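A.B. asks: Next come a sequence and a model predicted from it.
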Amino acid sequence: MKLDANGKMIEFGEFPMLETKRLVLRKMTMDDAEFYFRNFSDPTVVELTGFEPPNDLESAKEELKEYCIDIFTDNAGIRWGITMRGSPELIGTCGFYKWVKRAYHAEIGYDLLAEHRDNGIMTEALTAMLDYLFGTVGMNRVYALIDPRNEASIGLVEGLGFEKEGVLRESTFFRGRFLDDVVYSLLAREWIHHPR
């Protein structure tokens, strides 16, 4: 997935399904619209991401297509659906976007249904994703923008070896308020030495 001789990023080809001990990270389809609507209508997800929920199932389908399906088709990033092994039902998503190919970096994002939190699932999913990003894609740096109130997300990335870079003061405007984002990043050379 490195740059070719002309400086052009090689295309993905087939969607890269990732597997771990407990999980399968798979391609999302329009059949996942009901999950998308439920997940991104969760008040905790809405409040801590600063994105309004989809208005209805039809708008959820539009968002799913734009943010989870077209991003791969356009070779602009990947959003995986997270499932437990043996079940096709999604319990969360993770992926990368805002991919600056010539600088070898991208932003990551992730979410998990409330009933599956606090048992290491997202750590397991992101470990597989980071192995893929640094190993196969050839990324040098990934970063996450996190609401400073989101202690669980901060603990997650810190546990994966991310370093706090600083705070983007009032960089998000959501429901009449300006909100800060904390920037955490991880470099390929740091990930190589991170214990797994």
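C.D. replies: Cool, got the structure. Numbering: from 1, shown residues only.
A.B. asks: List the contacts of stretch 56-66.
C.D. replies: 28, 30, 32, 33, 34, 36, 37, 40, 54 (Cβ atoms under 8 Å, 6 or more residues apart in numbering). (C-beta placed from N, C-alpha, C; glycine too.)
A.B. asks: Next, work out how far apart the last one and residue 36 are.
C.D. replies: Applying Cβ to Cβ, to the nearest Å, the value for residue 54 to residue 36 is 7 Å.
A.B. asks: again with the second one
C.D. replies: Computed as Cβ to Cβ, the residue 30 to residue 36 distance reads 10 Å.
A.B. asks: These two: which has the busier surroundings?
C.D. replies: Remark: of residue 30 and residue 36, residue 36 carries more neighbours, 24 against 11, as counted by other Cβ atoms under 10 Å.
A.B. asks: In the chain, spot the helix with the most residues.
C.D. replies: Assignment by DSSP state H gives helix 121-131 as the longest helix of the chain.
A.B. asks: With only the CA atoms kept, save that helix in CSV.
C.D. replies: Below are the C-alpha coordinates for helix 121-131, written out as CSV (Å, rounded to 0.1, in the frame of the first residue of the first chain):
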residue,chain,number,x,y,z
ILE,A,121,-13.4,-5.0,22.7
MET,A,122,-12.2,-1.7,21.3
THR,A,123,-8.6,-2.3,22.4
GLU,A,124,-8.7,-5.5,20.5
ALA,A,125,-10.3,-3.9,17.4
LEU,A,126,-7.9,-0.9,17.3
THR,A,127,-4.9,-3.2,17.8
ALA,A,128,-5.8,-5.0,14.6
MET,A,129,-6.6,-1.8,12.8
LEU,A,130,-3.3,-0.2,13.9
ASP,A,131,-1.3,-3.3,12.8
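A.B. asks: That helix - contacts with which helices or strands?
C.D. replies: Judged by 3 or more Cβ pairs under 8 Å, 6 or more residues apart in numbering; DSSP states H and E, the packing partners of helix 121-131 are strand 18-19, strand 23-27, strand 78-84, strand 90-100, strand 105-112, helix 151-159.
A.B. asks: Dump these into TSV; add mean pLDDT as well.
C.D. replies: Listed next are the helices and strands packed on helix 121-131 as TSV, based on pLDDT from 0 to 100:
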stretch	mean pLDDT
strand 18-19	98
strand 23-27	98
strand 78-84	98
strand 90-100	97
strand 105-112	97
helix 151-159	97
